[in-house]
Structures are given as structure tokens and as C-alpha cells.
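Colleague: Show me how the following folds:
(2 chains)
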Protein chains: 2
Amino acid sequence: VVGWAKEFLPRGVRFVGSHPIAGSDRRGVQYARADLFDGASCVLTPASNLSGTPLPLGEGKSRLVGTRVRASWAAEYQAAVASVESFWQSLGMWTCRMTPARHDRCLAQISHLPHAAAVALMLQATPPARELAGTGFLDCTRIAGGDPELWRDIFLTNSAEIVRSIKSMTSQLNKLAGLIARGNSAGIVRLLAEAQKRRQELMDRHLKGRQVEG
Amino acid sequence: VVGWAKEFLPRGVRFVGSHPIAGSDRRGVQYARADLFDGASCVLTPASNLSGTPLPLGEGKSRLVGTRVRASWAAEYQAAVASVESFWQSLGMWTCRMTPARHDRCLAQISHLPHAAAVALMLQATPPARELAGTGFLDCTRIAGGDPELWRDIFLTNSAEIVRSIKSMTSQLNKLAGLIARGNSAGIVRLLAEAQKRRQELMDRHLKGRQVEG
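Modeller: Predicted coordinates:
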């Protein structure tokens, strides 16, 4: 997205990539919620390399005025970042800055891979097992109900990071399968307890965020 | 469980394995819900081989009366199965009968594997990605918050089927990763659309079941 912004936006526009990590599977104004953004994260991906940013004046002119224009552009750009940051914070969000590359890696792990996993869960279940499936299975495959074309686009736009995170997930699954096959009771408990602990940390931070902001 | 019943229950007791596929992550009477079982499935695993079922009389006696006792036991056992079936149906459940082996395979696919997948999702996420995680990631790792000792026991009790279903899930994930890596847009859409369709079928059946019973 940051690449497209560099390519297509007119010169002089200050683009600050922002991604609010909030939403639900419902679409339409009837599902609007006043607290959707409360305590949720918003990632900003300001241009890290200002010399790569289009200058506010035409190329010929900018070459003439040189560093002075660049310095003023840098100050304006920082002001733009701060103003975008305040906007999201005024909605109750917690903001952080990172490079576009790091954003893509993180999003693969917390959003794109979970979608791939829900699809794989749905596809591995045989017909007799699907006959029995209850609300538990429906819950954990919920996101597999998402629009195939939309998700195809996401998968292809962030393909390298998604493939990397799929590999990392299958390696975790193989590790657990190995412990189960060898009957390594203590090893299984260690793995499950670590997952439980990390999830509890997320829950605690999420609840705390909501209290502070709400 | 059926094996333990055969080993430990006193002779003459008619044991009918039943597994209501319903529940939630909340424990305690304050989370009781009148509609918990409405339209959900309940699996019965009646003893398929009556000669393997403990006879109602002592072994010595049963050898004397022979087939007559076996026939009367078979009739009594079928009556017990029907009565257990009516009990679950009276709670609004949809019942089906299958062998214990098939039950274990199906449960691995719809309940035990989803737990393993939630644990793997939780463990693959790196600290910066966890910093950003929102309610979506919390939702799809919810079951990874379950009790490690309880789940260790489940994993070890049904180990062969769980290992088999983990393999089947990693092979689905690898297939998707291959399509993404090769940029096979049509193949990705086909896979995602199939998962979406199968999930919609489950949803439709689930909602219909609730309407009929509720």
C-alpha cells in the first residue's frame, strides 16, 4: 500500500499509512459500535526514508532549493504523522509506528495466518465429523466464511510473509504431534501452559487498555 | 471410555456411551443456559459386539443357559440404548449412533485438532505481532486458554487420531501455501470458496436444527 501511495499519489500529498486493528465479521451501518476502536491498536507506517518521499515542489525546482526544501518537507511530514496519530488516539486507540515491512510480517501472524488456519480446519473435517460439529467448531472456523476474492487478494499481496507464517505454524503443529506420538506428557503440558500464559497476557493487556481508554 | 466401562463396571450394568457435543468455555452454574443442548448433536456408542459385552449373570451360569440369556440381554441392551436416546432427544438434541473408533476420529477432527491449532497459532506469534493483536486474534485462540492438564489427558487418550488429524491439517496448510507461493489466484479462490461453502452448510444445518427443536 505504501508502495502504491508513492507511485500514484500526486506530489505534495503527505501520505501516512495507518491500519486500525479493529473490526468484526459484520458489515453495514446497522452493526456500527461506539466502542469498536476503544483500546485497540493502530499501526502507523510513516515513510522511514524521507529522501524516498516525493518532494512538495517539482523536481527541477527542488534541485535548485536543495536541502532547505527537504528540511521543511521533513518538518511538515512529521507534523502530518503527529496529526494522524492524534486522530486515532482521539478515538481511544493505542498507536505505534513501524516500518511497512514489519507491519506486513506482524499482520501475517495475527490476521492472515488465522484465516488460512480456519480454512484448513474446515477442509480437513470429513463428512461424518462435520455432521457432529457444534458451536465450538463453528466458532473456530468463523473467519473461513469470509469472502474468497477479498482473501485471495490479501494472500497474494502479502504472500511471502503469509507463506513464512504458515511454515511456522506447521512446525509448531508438528512439534506438538511429536510430543503426543511419543507420549511425552510433561512436554505437552509445557507447550500448552506456554500458549495459555501468552494468551492470558494478551487478555490482560486488552482488558487494561479498555479500562484506561473507556 | 468404552474400554474402561467394560473393564471396571460391575456385571449386569448396561453401559451406553454418550457424548453430547455442546458446551462453552465457561464453567459453573452461573453460566447455565436453558438452550445449551437445543439442536446440538449427541453421539451414542452402543456396544456393537454383544458377545463382547459383560453378561448379566456370572460366567459359570451364563455358560449353562447359553443363547437364551444372550438373547434376553441383547433385548435389554437395545431397550437401554433406546431409553438413553430418548433422554437426550427430550433435551432437544439430535442423536446418532456410531462405533467408539469412529467417534474418536470425528472428535479429533472437530474438537481436539482445533485446540491444537489454537495453541500453535498462539505460539507462532512473535512479541511485536502479539503487541498488535486485537479481538480477532483473541477470538481465534480462545480455546488455547484451556486447562493444560485436562488437554494433555485428552491428547494422550486419543493420540493416534489427533496425530492423524494434525497431519491432515498441515497438508491442507501446505497446499494453500503452495498456491500462494506460485501466485495461483484461481486455485486459492477455489480452496477458499470450498471452505466457505462447507461452513455455510454447517451453519444452515445448525440454524435449522435450532428452529425445529426450539
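
Colleague: Show me which residues of the longest helix seen in chain A are buried.
Modeller: Among the segments of chain A that qualify as a helix by DSSP state H, the longest is helix A:185-213. By neighbour count, with 16 or more other CB atoms under 10 Å in any protein chain shown as the criterion, the buried positions of helix A:185-213 are A:187-189, A:191-192, A:195-196, A:198-199, A:202, A:205-206, A:209, A:213. (Each C-beta comes from the backbone N, C-alpha and C, glycine too.)

Colleague: now stretch A:84-99
Modeller: A:Val84, A:Glu85, A:Trp88, A:Gly92, A:Met93, A:Trp94, A:Thr95, A:Met98.

Colleague: Widest-spaced pair of the residues you listed?
Modeller: The span of those, defined through CB to CB, is set by A:Gly92 and A:Met98 at 20.4 Å.

Colleague: which one of the buried residues of stretch A:84-99 is nearest chain B?
Modeller: Ranked by distance to chain B (CB to the nearest CB), the buried residues of stretch A:84-99 are led by A:Met98 at 7.5 Å.

Colleague: what about that closest one, distance to A:Cys42?
Modeller: A:Met98 sits 11 Å away from A:Cys42, taking CB to CB, to the nearest Å as the criterion.

Colleague: same thing with A:Val189?
Modeller: Using CB to CB, one gets 37 Å for the distance from A:Val189 to A:Cys42.

Colleague: For A:Asp147, list the residues it contacts.
Modeller: For A:Asp147, the contacting residues are B:Gln196, by CB atoms under 8 Å, 6 or more residues apart in numbering or on different chains.

Colleague: For it, give me the pLDDT.
Modeller: For A:Asp147, the pLDDT comes out at 95.

Colleague: Would you map the strands across chain A?
Modeller: Listed from the start of the chain, chain A has strands (DSSP state E) covering A:17-21, A:41-45, A:94-97.

Colleague: closest to A:Phe155 out of the ones you listed?
Modeller: Shortest distance between A:Phe155 and the strands of chain A, using CB to CB, is found for strand A:17-21: 17.0 Å.

Colleague: other SSEs contacting the closest one?
Modeller: For strand A:17-21, the elements it packs on are strand A:41-45, helix A:67-90, helix A:100-107, judged by 3 or more CB pairs under 8 Å, 6 or more residues apart in numbering or on different chains; DSSP states H and E.

Colleague: what about stretch A:158-178 and chain B, any contact?
Modeller: Yes: using CB under 8 Å from any CB of the partner chain, we find that stretch A:158-178 touches chain B at A:159, A:162-163, A:165-170, A:172-174, A:176-177.

Colleague: Ok, which of the helices and strands packed on strand A:17-21 comes nearest chain B?
Modeller: For the helices and strands packed on strand A:17-21, the distance to chain B is smallest for helix A:100-107, at 4.0 Å, taking CB to the nearest CB.

Colleague: packing partners for that closest one?
Modeller: Applying 3+ CB pairs under 8 Å, 6+ apart, we find helix A:100-107 packed against strand A:17-21, strand A:41-45, helix A:159-181, helix B:127-132.

Colleague: one step back: filter the residues of stretch A:158-178 next to chain B to the buried ones?
Modeller: When neighbours are counted using 16+ other CB under 10 Å, those contain these buried positions: A:Ser159, A:Ile162, A:Val163, A:Ser165, A:Ile166, A:Ser168, A:Met169, A:Thr170, A:Gln172, A:Leu173, A:Leu176, A:Ala177.

Colleague: Quick check: the third one touching B:Leu179?
Modeller: So that's A:Val163. No: the pair formed by A:Val163 and B:Leu179 falls short of the contact definition of CB atoms under 8 Å, at 9.9 Å.

Colleague: re the thing from before, redo the helices and strands packed on strand A:17-21 as JSON lines? Include mean pLDDT.
Modeller: Converted to JSON lines, the helices and strands packed on strand A:17-21 look like this (pLDDT from 0 to 100):
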{"stretch": "strand A:41-45", "mean pLDDT": "87"}
{"stretch": "helix A:67-90", "mean pLDDT": "79"}
{"stretch": "helix A:100-107", "mean pLDDT": "92"}
